[in-house]
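[1] This is a predicted model, with the sequence first.
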Amino acid sequence: MNPHLEITIISLFIIILFFVLIRSIILWYYKIDKRISLMEENNELLKKLLDR
C-alpha cells in the first residue's frame with residue numbers, strides 16, 4: 001500500500017472519531033437529545049388533545 005494512502009486513511013479515521021466524540025460532548029452539554037424527546041412527547045400529547 002502507498003504510504004500516502006495509509007496516512008490519508010488513518011487521518012480520515014481520526015478526524016471522524018474526533019467529530020463523533022466532540023458531537024456527543026456538545027449534545028450532552030446542551031442536552032439536545034433530552035429536549036428532542038420532550039418535544040416529541042409534547043407533540044404526541046397535543047395530538048391526543050386534538051383528537052378528542
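    Received the coordinates, thanks.

[2] Residues in contact with whatever helix or strand residue 39 lives in: which ones?
    Counting by DSSP states H and E, the element that carries residue 39 is helix 32-51. Outside helix 32-51, the residues that touch it by Cβ atoms under 8 Å, 6 or more residues apart in numbering are 26-27. C-beta coordinates here come from the backbone N, C-alpha and C atoms, glycine included.

[3] now the angle from the strand or helix carrying residue 24 to helix 32-51?
    If you go by DSSP H and E, residue 24 is part of helix 3-30. Computed with axes from the mean of the first three to the mean of the last three Cα atoms, to 10 degrees, the direction of helix 3-30 lies at 60 degrees from that of helix 32-51.

[4] for the record, mean pLDDT for helix 3-30?
    For helix 3-30, mean pLDDT is 93.

[5] Which positions within it qualify as buried?
    Neighbour counts over helix 3-30 (16 or more other Cβ atoms under 10 Å) mark no residue as buried.

[6] What helices and strands are in contact with it?
    Using 3 or more Cβ pairs under 8 Å, 6 or more residues apart in numbering; DSSP states H and E as the contact test, no helix or strand touches helix 3-30.

[7] tell me how far it is from the chain's mean position?
    The chain centre lies 13 Å from the centre of helix 3-30; the measure is Cα atoms, centre = their mean, to the nearest Å.

[8] same deal with stretch 39-46?
    On Cα atoms, centre = their mean, the centre of stretch 39-46 falls 21 Å from the chain's centre.

[9] Could I get the average pLDDT for that stretch?
    97.

[10] Output it in CSV with nothing but the alpha carbons.
    Only the C-alpha atoms of stretch 39-46 are listed here, as CSV (Å, rounded to 0.1, in the frame of the first residue of the first chain):
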residue,chain,number,x,y,z
MET,A,39,-40.7,17.9,22.3
GLU,A,40,-41.8,14.7,20.7
GLU,A,41,-43.7,13.8,23.8
ASN,A,42,-45.4,17.2,23.8
ASN,A,43,-46.3,16.6,20.1
GLU,A,44,-47.9,13.3,21.0
LEU,A,45,-49.9,14.8,23.9
LEU,A,46,-51.1,17.7,21.7
